[in-house]
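S.K.: Predicted model and sequence below, questions to follow.
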Amino acid sequence: MTQVFCIGELLIDFVAENQGDNLSKAVNFTKKAGGAPANVACAISKLGGKSSFIGCVGKDPFGGFLLDVLKNEGVNISMAQRSKTFTTLAFVSISEDGERDFVFDRGADEELKYDSTIKTEFKNNILHFGAATALLGGSLEKAYGRYLFDGLCNDSFISFDPNFRSDLWTDDQEAFIKKCLPYVEKSHLCKFSLEEALLISGKENIDDACTYLHEIGAEIITVTLGKEGTFVSTKDIKQTVPSTTVFPVDTTGAGDAFIGCLLYQIAKLSNLKTIFNDSDNLLKMVAIANKAGAITTTKFGAIAALPNLEQLEA
C-alpha cells in the first residue's frame, strides 16, 4: 500500500466537556491529542493504512504524550521532531450540537525544521498538507513549502486541507487566501469546508467556487457540508454525496476522519492517479469517507473517536 505522509501540527486539545460553547465559563478540561494532520495520520493507520507524521512537539511531558498516542495508533513518528519550545495547546469548548469554540496557545509546532534527507521517501507516495497552523509563519511554514516542492519533484500525490480557523486570521484573511493558492494550484485533491471554498475562491456559491478552484489547478475537490454530505467536483462531475445520519456529540476531527479515510482508499489503488478518471469509484470512496466522518462525531475527542475498519464496515 502507498504511504501517506501527513505534514503539520500535533497539539494538545484541552476539552471542556459538557460546558456549553463559552470558554470563559468552562471549569474542567480533559486532555486530548489533536492537530489536523496528526488526526489524518491516525485515521489512516486505524483503518489499516500506512501513515507517517512530520511535525514538531516540545521536549515536555505533553510532547511525549502526543508522540506516544501516534505511535500507539500505528503511525510512523520517526520523522517527527522535538523542540525546547513548549508543546502547542488548544482549549476547546463544545456546545450541545457538537460545534466548537476554541483558542490556540501556539508553541513547538512552528519549530519544524526542513529535513532534506527524507524527500526520497516521498517518491510515488501521498503527501497530505493540513494547514491549520502551517501558514502562520515560523520555520514550519518554510518547511511546508519545501516539502511541497519535494513532493512535486518525486511524483507524489498531493492532498491539501486549508483547515481555516477564523480566530487565527481575524485581521488578515487575505494573507490566508494568498498563502493557500499555491497549494490549491499544485494539489491533486483538495478538501474544503463550504466556508473555506467560498473564502478562498471569493465566489458566492459552491458551483462557482469549485469552477474557480479547478481553474487554479485543483483536480479533485471535496467540500464537506456536515449533515448534508460532501460535494464532489472534478472535470467530469459535480455531485453531492449524502452523509450518514448520526447524533453528534463532538464534531472535532470529523473532517480529518473524512480526508483520512478518503486518502486511505486512494492509497490502496495500484495507480493513484487513475482516480482522476474514475468518477464512480470516487463517489463510492466519498460515501465511505462520509461514514468515517459521521462516526467520529459520536464520541468526544478526535483521535480516540476515529473509526477502525471493523466499525467502518459494520
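M.R.: Happy to help now that I have it.
S.K.: per-residue confidence for T245?
M.R.: Listed pLDDT for T245 reads 88.
S.K.: State the distance from it to K227.
M.R.: According to C-beta to C-beta, to the nearest Å, T245 and K227 sit 7 Å apart. The C-beta positions use only the backbone N, C-alpha and C, and glycine is treated the same way.
S.K.: Looking at those two, which has the bigger crowd around it?
M.R.: Comparing T245 with K227 by neighbour count (other C-beta atoms under 10 Å), the higher total belongs to K227, at 12 against 7.
S.K.: my guess is that one meets T244, correct?
M.R.: No - under the criterion of C-beta atoms under 8 Å, K227 lies out of contact with T244, with a separation of 9.2 Å.
S.K.: ok, the helix or strand of the chain with the lowest mean pLDDT: who's next to it in the sheet?
M.R.: Among the helical and strand segments of the chain, the one scoring lowest on mean pLDDT, DSSP states H and E is strand 100-105, with a mean of 78. Strand 100-105 has the following sheet partners, assigned by DSSP bridges: strand 89-94 (antiparallel).
S.K.: In PDB, could you pull the C-alpha coordinates for the partner strand?
M.R.: Listed next in PDB are the C-alpha coordinates belonging to strand 89-94 (Å, rounded to 0.1, in the frame of the first residue of the first chain):
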ATOM      1  CA  LEU A  89      -2.000  23.800  23.200                       C
ATOM      2  CA  ALA A  90      -5.700  24.400  22.200                       C
ATOM      3  CA  PHE A  91      -8.500  25.000  24.600                       C
ATOM      4  CA  VAL A  92     -11.800  23.700  23.200                       C
ATOM      5  CA  SER A  93     -15.400  24.100  24.400                       C
ATOM      6  CA  ILE A  94     -18.200  22.100  22.800                       C
END
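S.K.: Please enumerate residues in contact with that strand?
M.R.: 11-23, 26, 29, 34, 62, 100-105, 107, 249-250, 252, 300 (C-beta atoms under 8 Å, 6 or more residues apart in numbering).
S.K.: Filter these down to just the buried residues.
M.R.: Neighbour counting with 16 or more other C-beta atoms under 10 Å marks 11-17, 19, 23, 26, 29, 34, 62, 100-102, 104, 107, 249-250, 252, 300 as buried within the contacts of strand 89-94.
S.K.: I266 versus the closest residue to C190 other than its chain neighbours, what's the distance?
M.R.: Counting by C-beta to C-beta, 6 or more residues apart in numbering, the nearest residue to C190 once its immediate chain neighbours are dropped is A218, at 4.4 Å. In this structure, A218 and I266 are 15 Å apart, going by C-beta to C-beta.
S.K.: go on, W169?
M.R.: As for W169, its distance to I266 is 29 Å (criterion: C-beta to C-beta).
S.K.: ok so, going back, next, the contact list for the residue nearest to C190, please.
M.R.: Residues in contact with A218, defined by C-beta under 8 Å, 6+ apart, are F160, V184, E185, S187, H188, L189, C190.
S.K.: Which phi and psi values does the fifth one adopt?
M.R.: Its backbone dihedrals place H188 at phi -80, psi -30, with angles given as degrees, to the nearest 10.
S.K.: With T230 instead?
M.R.: Backbone torsions of T230, given as degrees, to the nearest 10, read phi -130, psi 130.
S.K.: Counting neighbours, what do you get for it?
M.R.: Using other C-beta under 10 Å, T230 is surrounded by 24 other residues.
S.K.: Likewise for L136?
M.R.: 20.
S.K.: what pLDDT does it get?
M.R.: According to the per-residue confidence, L136 scores 92 in pLDDT.
S.K.: OK, contacts around it?
M.R.: By C-beta under 8 Å, 6+ apart, the residues touching L136 are R106, E110, L168.
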